[in-house]
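Enquirer: Everything below, folded, please.
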Amino acid sequence: MTGALINHLWQSTLFAAAAGLLAIAFRKNRAQVRYWLWFSASLKFLVPFSLLTRLGSQLEWAPATKEMVSPAVTITMAQIALPFAESAPPVPYVPDGLDWTPIAIFGVWICGFAGIALIRFRGWLRIRDAVRSSSRIDLPAAVEVRSSPGLLEPGVVGFLRPILLMPAGIAERLTPPQLEAVLAHELCHVRRRDNLFASIHMIVEAVFWFHPLAWWIGARLVEERERACDEEVLSLGSEPRVYAEGILNVCKLYVESPLACVSGVTGSNLKERVEAIMTNRVALRLNLVRKVALACAGMAALALPVVVGMMNAHPSRAQSKEDALTFEVASVKPANPDSRGMEAGFIPGGSFRAVNVTLKELVAIAYNITCASKNSCPERISGGPGWIDSARFVVVAKASQSAQASSLTQGGQLRQRLQALLADRFKLVVRRETKEMPVYHLVVARNGPKFKEYVGDAPGGVRGRGNGQIIGERASLYGLVGNLTGIVGRPVVDRTGLTGRYDFKLEWVPEVGGGGEKAQGASVSDLSGPSIFAALQEQLGLKLEPHKGPVEMIVIEGAEKPSEN
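Expert: All right, here's what the predicted structure looks like:
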């Protein structure tokens, strides 16, 4: 946090220095140009470059959306489900003691802010009292003019509904030409909305009261503001001598306004202003070259941090997009009609291999729809042509070298690459829907799990042997959850909180359709064996609890058989 603030402050300092150099370069042109340069330096305090840099990083190379999915894949019969390395949960940092440094810094800042706010508030109370005690007078002006008792100089109050506040008796103290020139000066402040811009900079001064540059910019803003109005009054035809005498008389007779957001007539360096008025310096208007130069400088100030953000984001985001959405090499061929059994899964290193699988089973893998048998997939994957659950294929895909380094820890990217492969080769178009339906929650039973965690780097997986057996070797519980989904006939949601890899073996007596009826052909001894529910609790220390919950459904809106390669 402190580093970001320091970075923001030195960036603002450099920006103000650049604005100052530009103001010097345009010193012979209209004061309005220099005023906008200084005001842009003031705004820089409120708009950090980091926001523009972040905007640039999002413009073109947006990060690929990551799906929080289980890193292993299980589908039907025999399968390969190699787990990905899972990062250990973060260990919370417990500080040795309370760090008083940021608290002290914040305390000092809040005291300075409160002091500035109090001074501003007292000045506002003074102006409010003057307005309340004023009465309306008739003067030729585009805004309401009011006469106020007291010694405050003429000034414009407010910026939504500005009021020109004139001290009582000023018409008797100034000649008509002097009063007309002073009135023209104040109306110039109204047209330029100087009170609004002064209020914005007052916020900058209050927030960054500790930075001397903020106060220096404020002085430059008042200086250029008054000079810009002087230039406009002279351009309207006022006599320089009369105008200068009017300003001097106001300075002798009245007190300057206590707030910069109440635009008066006596601000800035009075000697320099009178000298400029008396010499009747006519400021040059910007020629085409200087207009282009000023426009380029303004655009560069905004575009530079955006470009920096785009350049910094380019390597990482472009690489992330490439890695997350494509395989480097992919082959799709029809499976041998005489082949039996199937296997499918991601392989460490960012590859994918599937043998004798249907498109529906590939969709289940790509979109993390766990269906361990044909009976469970149609409920969660629907639509598409008739061949999607009959035609079988062999799919082999390999990720690029740059993607392999991250593939072991980013299962969501592997699924996104497979989704892109299906969209490219099968012209797959899907729609996601959510449906409330019965589910099972897999939880730890009362006595805890009955299997040990594996510690090591060797690969492993879950194998469904069929006829009532699941074997896990150095495997996460994702493979078990996927097999259970097909066995019990409804989605199973892992609520165990077990994130490691384990060795386990589960044996039970299969049931038909998950309805509780023992499989046909089972022996008498088989009939006395445990159900899947009992086996889970007795052998693994886990339990299936019935619930209802949202389940993602995939609707296939279009698909084509791929060309062989």
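
Enquirer: on contacts alone, who are the packing partners of the host helix or strand of Ala344?
Expert: In this structure, Ala344 sits in strand 343-347 according to DSSP states H and E. In terms of contacts (3 or more C-beta pairs under 8 Å, 6 or more residues apart in numbering; DSSP states H and E), strand 343-347 is packed against strand 351-358, helix 359-366. (Glycine included, C-beta is placed from N, CA and C.)

Enquirer: The first one to helix 359-366, inter-axis angle?
Expert: The one in question is strand 351-358. Following axes from the mean of the first three to the mean of the last three C-alpha atoms, to 10 degrees, one obtains 150 degrees for the angle between strand 351-358 and helix 359-366.

Enquirer: Toward the C-terminus from the lowest-mean-pLDDT helix or strand in the chain, list the very next helix or strand.
Expert: Sorting the helices and strands of the chain by mean pLDDT, DSSP states H and E puts helix 524-527 at the bottom, at a mean of 47. Counting by DSSP H and E, the element after helix 524-527 in chain order, helix or strand, is helix 532-535.

Enquirer: how about that following helix as PDB, C-alpha atoms only?
Expert: Extracted as PDB, the C-alpha positions of helix 532-535 are listed here (Å, rounded to 0.1, in the frame of the first residue of the first chain):
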ATOM      1  CA  ILE A 532     -22.300 -49.400  -2.300                       C
ATOM      2  CA  PHE A 533     -23.600 -47.300   0.600                       C
ATOM      3  CA  ALA A 534     -22.500 -49.800   3.200                       C
ATOM      4  CA  ALA A 535     -19.200 -50.500   1.600                       C
END
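
Enquirer: in that helix, what counts as buried?
Expert: Buried residues in helix 532-535, counted by 16 or more other C-beta atoms under 10 Å: 532-533, 535.

Enquirer: As CSV, those with distance to Trp387 would be great.
Expert: Output for the buried residues of helix 532-535, formatted as CSV (distance: C-beta to C-beta, whole Å):
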residue, distance to Trp387
Ile532, 32
Phe533, 36
Ala535, 37
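
Enquirer: between these, which is nearest Phe210?
Expert: For the buried residues of helix 532-535, the closest approach to Phe210 (C-beta to C-beta) belongs to Phe533, at 68.1 Å.

Enquirer: so who does the closest one touch?
Expert: Shown in contact with Phe533 (C-beta atoms under 8 Å, 6 or more residues apart in numbering): 543-544.

Enquirer: Please repeat the previous calculation with a cut-off of 6 Å.
Expert: Leu544 (C-beta atoms under 6 Å, 6 or more residues apart in numbering).

Enquirer: Check Ser382 too.
Expert: Val555.

Enquirer: mind checking which helix or strand it is in?
Expert: Secondary structure from DSSP H and E places Ser382 in strand 381-383.

Enquirer: Which residue ranges make up each domain of the protein?
Expert: 102-212+222-281, 322-558 (automatic domain parsing).

Enquirer: hey, least reliable of those by pLDDT?
Expert: Of all those, the minimum mean pLDDT falls on domain 322-558 (a mean of 79).

Enquirer: Follow the chain on from the strand holding Ser382 and name the next helix or strand.
Expert: Using DSSP H and E, the first helix or strand after strand 381-383 is strand 392-398.

Enquirer: any idea where the helices of the stretch 251-400 of the chain begin and end?
Expert: All helices of the stretch 251-400 of the chain, identified by DSSP state H, counting those that start in this stretch, fall at 270-278, 288-325, 359-366, 377-380.

Enquirer: Likewise for the stretch 101-250 of the chain?
Expert: Shown for the stretch 101-250 of the chain, the helices assigned by DSSP H, counting those that start in this stretch span residues 170-173, 176-192, 194-207, 212-235, 240-253.

Enquirer: Relative to Ile388, which of those is closest?
Expert: Among the helices of the stretch 101-250 of the chain, the nearest to Ile388 by C-beta to C-beta is helix 194-207 (61.5 Å).

Enquirer: Can I get the closest one in PDB, CA atoms only?
Expert: Only the C-alpha atoms of helix 194-207 are listed here, as PDB (Å, rounded to 0.1, in the frame of the first residue of the first chain):
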ATOM      1  CA  ASP A 194     -13.600  28.600 -12.400                       C
ATOM      2  CA  ASN A 195     -15.300  27.800  -9.100                       C
ATOM      3  CA  LEU A 196     -15.900  24.200 -10.000                       C
ATOM      4  CA  PHE A 197     -12.300  23.600 -11.000                       C
ATOM      5  CA  ALA A 198     -11.100  25.400  -7.900                       C
ATOM      6  CA  SER A 199     -13.200  23.200  -5.800                       C
ATOM      7  CA  ILE A 200     -11.700  20.100  -7.400                       C
ATOM      8  CA  HIS A 201      -8.200  21.300  -6.600                       C
ATOM      9  CA  MET A 202      -9.200  22.200  -3.100                       C
ATOM     10  CA  ILE A 203     -10.000  18.500  -2.700                       C
ATOM     11  CA  VAL A 204      -6.500  17.600  -4.000                       C
ATOM     12  CA  GLU A 205      -5.000  20.000  -1.500                       C
ATOM     13  CA  ALA A 206      -6.900  18.500   1.400                       C
ATOM     14  CA  VAL A 207      -6.100  14.900   0.500                       C
END
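
Enquirer: who touches it?
Expert: Contacting residues not belonging to helix 194-207 are listed as 39, 42, 45, 113, 116, 156, 159, 214, 218, 221, 225, 260-261, 263 [C-beta under 6 Å, 6+ apart].

Enquirer: distance of Pro149 from Ile170?
Expert: Pro149 sits at a distance of 11 Å from Ile170 (criterion: C-beta to C-beta, to the nearest Å).

Enquirer: So the two - more neighbours on which side?
Expert: More crowded of Pro149 and Ile170, by other C-beta atoms under 10 Å: Ile170, with 19 against 12.

Enquirer: Now for Ser235, how many residues are close by?
Expert: Number of residues near Ser235 (other C-beta under 10 Å) recorded here: 11.

Enquirer: before we move on, back to that, emit the PyMOL select command for whichever of the contacts of helix 194-207 are buried.
Expert: PyMOL command restricting the contacts of helix 194-207 to the buried ones, with burial defined by 16+ other C-beta under 10 Å:
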select buried, resi 39+42+45+156+159+214+218+221+225+260+261+263
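
Enquirer: of all the contacts of helix 194-207, which two lie farthest apart?
Expert: So, these by C-beta to C-beta: farthest apart are Phe113 and Val156, at 26.7 Å.

Enquirer: still on that earlier bit, redo the domains of the chain as JSON lines? Include distance to Glu564.
Expert: Listed next are the domains of the chain as JSON lines, based on distance: least, C-beta to C-beta, whole Å:
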{"stretch": "domain 102-212+222-281", "distance to Glu564": "65"}
{"stretch": "domain 322-558", "distance to Glu564": "5"}
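
Enquirer: quick one, which of the helices of the stretch 101-250 of the chain is nearest to Arg425?
Expert: Smallest distance to Arg425 across these (C-beta to C-beta): 57.2 Å, for helix 194-207.
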